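# quick one: sequence and predicted model below, then my questions.
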Amino acid sequence: MSTISSPAETTYIPLWRVRLRLFWRAAKTNWGMFAENPIGLIGLGIVIFFGLFALAHPILMNTVWERKVYEPVNGFDIEIAFHPSPPSARHLLGTDPMGRDVLSQLMFSTRYEFTLGMISAIVTVLIATTIGAVSAYYGGSIDAILMRAVDLVIMIPYLPILIVMSALMEVGMVELALFIGILSGFGGTAIVIKSQALTVKVKPYIEAARIAGGGDFHIIFAHMVPNLLPIALLYMMFVVTSAIFSEAVLSFFGLTEIEMSWGLMINTTQVFGYLMRFDTWYLLIPASLAITLLCAAFYLVGRALDEVVNPRLRER
């Protein structure tokens with residue numbers, strides 16, 4: 001007696017699950033390439049260290065440190081007769097001329113540096129990716145107008161215009177981040193992303209989306225922009241470095257309304273006349289070293305990501 005087998009049942013897999021698997025596979029491949037670059041791992045390790053450094057501050061303030069002594073902005077240690085005081089068991093990095101704990105200031109400022117860098121980078125990517133994609137897609141007069149605007153911003157000195165803005169109006173952390181993001185978004189990053197967008201524009205799936213009836217807005221933001229995000233993520237790292245450095249310069253000159261930052265710590269050292277004194281190294285070295293390390297870390301991560309994003313560098 002023969003047995004008739006029924007046709008195999010087809011298994012339905014949701015589209016979101018397929019996309020998630022493809023994303024996870026691509027993420028593992030890219031991480032493997034990134035991990036092969038030691039400078040990228042060093043930079044990522046430094047970034048993670050500063051991230052944990054920032055997270056540890058509120059924990060210490062709520063569990064170990066006495067708030068009126070270790071509060072980074074208004075704290076004061078009355079048990080020490082003279083400030084600034086050198087490093088000790090009570091203050092591991094000493095106190096500044098106003099009696100505030102240097103280590104607490106350093107840890108508290110780290111969260112602001114991360115916030116400043118992330119906001120600046122996100123604003124830059126949003127503006128630069130939009131300008132690059134729209135300019136590459138439409139071409140013609142739209143391309144000419146957008147690129148001339150970019151050229152104009154590039155010709156304007158970056159740091160001096162930030163100094164002028166800071167002198168004319170009150171600039172806090174959010175305002176400074178937006179200024180830096182807008183200037184960077186209309187700068188060289190837009191040109192780089194536009195050049196990448198020109199290669200994406202001629203891909204077969206762009207033409208297929210157009211034939212299928214997709215509008216310009218849909219094609220640009222659903223098909224072109226997602227394929228520009230890898231190069232945009234790369235330039236986010238460099239924008240973070242630029243933002244941290246710019247904030248340090250402006251705060252050193254006292255042109256920001258930020259309550260506490262690494263640049264402001266150096267400004268306090270300079271205002272009280274301790275900038276060039278070797279016996280008060282603890283007022284200058286910690287903040288200066290933190291700025292250098294974090295800027296270098298994001299730059300190293302960006303260089304490693306460049307090899308992941310750029311196939312020609314991978315082949316070398």
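Noted; the coordinates are in hand.
# the bottom helix or strand of this structure by mean pLDDT?
helix 311-315 (a mean of 54; mean pLDDT, DSSP states H and E).
# contacts only, for the residue nearest the centre of the chain.
Closest residue to the average C-alpha location of the chain: Val240 at 3.3 Å, with C-alpha atoms, centre = their mean. Counting by C-beta atoms under 8 Å, 6 or more residues apart in numbering, Val240 touches 117-118, 120-121, 298. Placement of C-beta: from N, CA and C, glycine included.
# how close does it sit to Leu294?
8 Å (C-beta to C-beta, to the nearest Å).
# stretch 248-257: end-to-end distance?
Across its full length, stretch 248-257 reaches 13 Å end to end, with C-alpha to C-alpha, to the nearest Å as the criterion.
# now it, how far from the centre of its chain.
19 Å (C-alpha atoms, centre = their mean, to the nearest Å).
# stretch 280-290 now?
With C-alpha atoms, centre = their mean, you get 23 Å for stretch 280-290.
# likewise stretch 63-74?
Mean C-alpha position of stretch 63-74 versus that of the full chain (C-alpha atoms, centre = their mean) differs by 28 Å.
# what does it contact?
Contacts for stretch 63-74 (C-beta under 8 Å, 6+ apart): 60-61, 75-77, 100-101, 104-105, 107-109, 259-260.
# now the top helix by length along the chain: buried residues?
Under DSSP state H, the helix in the chain containing the largest number of residues is helix 102-138. Across helix 102-138, burial judged by 16 or more other C-beta atoms under 10 Å covers 102-114, 116-117, 119-121, 123-125, 127-137.
# over to stretch 281-297?
For stretch 281-297, a neighbour-count test (16+ other C-beta under 10 Å) marks 282-284, 286-288, 290-291, 294-295, 297 as buried.
# how about those residues in TSV, adding secondary structure, distance to Asp216 and pLDDT?
Conversion of those to TSV gives the following (DSSP: H, G, I helix; E, B strand; the rest coil; distance: C-beta to C-beta, whole Å; pLDDT from 0 to 100):
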residue	secondary structure	distance to Asp216	pLDDT
Tyr282	helix	58	92
Leu283	helix	56	93
Leu284	coil	54	92
Pro286	helix	52	94
Ala287	helix	49	94
Ser288	helix	49	94
Ala290	helix	46	95
Ile291	helix	43	94
Leu294	helix	40	94
Cys295	helix	39	92
Ala297	helix	40	93
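# now, which of those residues sits nearest Leu146?
Cys295 (29.9 Å; C-beta to C-beta).
# correct me, but the closest one touches Phe245?
Yes - using C-beta atoms under 8 Å, Cys295 is in contact with Phe245, at 5.8 Å.
# count the residues that sit near Gly302.
Neighbours of Gly302 under the rule other C-beta atoms under 10 Å: 21.
# quick one: residues contacting it.
234-235, 237-238, 241.
# apply 6 Å and report the result again.
By C-beta atoms under 6 Å, 6 or more residues apart in numbering, the contact list for Gly302 reads 234, 237-238.
# and for Gln196?
Contacts of Gln196 (C-beta under 6 Å, 6+ apart): 228, 231.
# kindly recompute the last result at 10 Å.
Contacts for Gln196 (C-beta atoms under 10 Å, 6 or more residues apart in numbering) come out as 129, 132-133, 136, 224, 227-228, 230-232, 309.
# show the pLDDT at the spatially closest residue to Leu294 that is not a sequence neighbour.
In this structure, Leu294 finds its nearest non-sequential neighbour in Phe50, 5.5 Å apart by C-beta to C-beta, 6 or more residues apart in numbering. pLDDT recorded at Phe50 is 95.
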